[in-house]
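Student: Build me a structure from this.
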Amino acid sequence: MSVVCTHSRSSLALFTALGQSLKELNTSCAYLIDSFPVAVCDNIRIPSCHLLKGEAYRGKCVSKRRYFYGFRVQVVTTSGGVPVQFYIHAGSFVDVTAFKAMELDLPRGSQLYADAGYTCYQVEDLLKECEQVQLHCCRKSNSKRKDEPHMAFLKDYYRKRIETTFSGITGFFPKKIHAVTAQGFILKLILFISAYSLTQVIE
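Tutor: A predicted model of the protein is given here:
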C-alpha cells in the first residue's frame with residue numbers, strides 16, 4: 001500500500017529521519033521484524049465499508065484465529081523494541097510476500113530476527129550476499145536449515161519482545177480510528193507509530 005497524500009509523506013519523512021538516527025545509535029546491530037493487523041471495520045460491516053474495497057484487504061490473524069478487513073503493518077525495531085522502519089500494506093498479503101516488497105534499509109552487518117512466517121531461503125541468501133544482513137527466521141520442525149539451541153532461544157526471545165512493542169503501539173489507538181479516506185487512516189497509523197517511537201526515545 002503506497003502512501004500518497006502530502007501529509008502522510010511529510011510524516012513518513014520525519015519518522016524515517018528518526019529511524020535513521022536510532023539505527024546509528026543501535027550498536028548491537030540486532031533488529032526484529034514482525035507484523036500486526038489493523039482492522040478498518042468489523043467483519044459484519046465489510047459490505048458497507050467506504051474506506052476500502054476489495055478482497056485484497058481481507059486478512060487472517062492466525063494468533064487470534066479470526067479474519068479482519070484492513071491493513072497489516074510490518075515493523076522493524078531495534079533489539080530494545082523501538083520501531084525504526086515500517087511498511088503498511090493490504091491485509092491479505094502474508095508476511096513473507098510483504099517482506100519481499102518492503103525496501104529494507106538496515107546497516108551492513110545487521111542481524112534481523114523474524115518468526116517462521118518470513119521463511120524464504122532465497123531471500124535469506126540474497127540479503128546475506130547483497131546487503132550483508134543476516135535474516136534469522138524461527139524454524140519449523142520440517143525446516144531444511146535447523147537451528148542450534150542458543151539461536152532458537154534468541155529467536156523466541158526477540159519474537160516475544162516485539163509483541164510488547166505492538167501492544168505499546170496499539171495502546172495509542174482509540175477504540176475506533178476515525179477517517180474519511182484510506183490516506184487519512186494511513187496517516188493516523190504513521191502518527192501512532194511515530195508517537196510510540198518518540199516516547200521510547202524520551203524514556
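Student: For the chain, just list every one of the strands.
Tutor: 30-41, 58-61, 66-78, 83-90, 111-114, 134-137 (DSSP state E).
Student: Looking at those strands, which is nearest to Leu22?
Tutor: Distances from Leu22 to each of the strands of the chain were compared using C-beta to C-beta; the shortest belongs to strand 83-90, at 4.9 Å. (Each C-beta comes from the backbone N, C-alpha and C, glycine too.)
Student: List the pairing partners of that closest one within its sheet, with orientation.
Tutor: When pairing is defined by DSSP bridges, strand 83-90 lines up against strand 66-78 (antiparallel).
Student: now the angle from the partner strand to strand 30-41?
Tutor: Orientation of strand 66-78 against strand 30-41 (axes from the mean of the first three to the mean of the last three C-alpha atoms, to 10 degrees) gives an angle of 150 degrees.
Student: List every C-alpha atom in strand 66-78, with coordinates, as PDB.
Tutor: Only the C-alpha atoms of strand 66-78 are listed here, as PDB (Å, rounded to 0.1, in the frame of the first residue of the first chain):
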ATOM      1  CA  ARG A  66     -10.100 -14.600  13.100                       C
ATOM      2  CA  TYR A  67     -10.300 -12.600   9.900                       C
ATOM      3  CA  PHE A  68     -10.100  -8.900   9.700                       C
ATOM      4  CA  TYR A  69     -10.600  -6.200   7.000                       C
ATOM      5  CA  GLY A  70      -8.000  -3.600   6.700                       C
ATOM      6  CA  PHE A  71      -4.200  -3.200   6.700                       C
ATOM      7  CA  ARG A  72      -1.200  -5.100   8.000                       C
ATOM      8  CA  VAL A  73       1.800  -3.200   9.300                       C
ATOM      9  CA  GLN A  74       5.300  -4.700   9.000                       C
ATOM     10  CA  VAL A  75       7.500  -3.200  11.700                       C
ATOM     11  CA  VAL A  76      11.300  -3.300  12.100                       C
ATOM     12  CA  THR A  77      12.500  -2.500  15.600                       C
ATOM     13  CA  THR A  78      15.800  -2.300  17.500                       C
END
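Student: and the residue of the chain most remote from its centre, what does it touch?
Tutor: Distance from the C-alpha centroid of the chain peaks at Ser48, with 27.9 Å (C-alpha atoms, centre = their mean). Contact analysis of Ser48 by C-beta atoms under 8 Å, 6 or more residues apart in numbering lists nothing.
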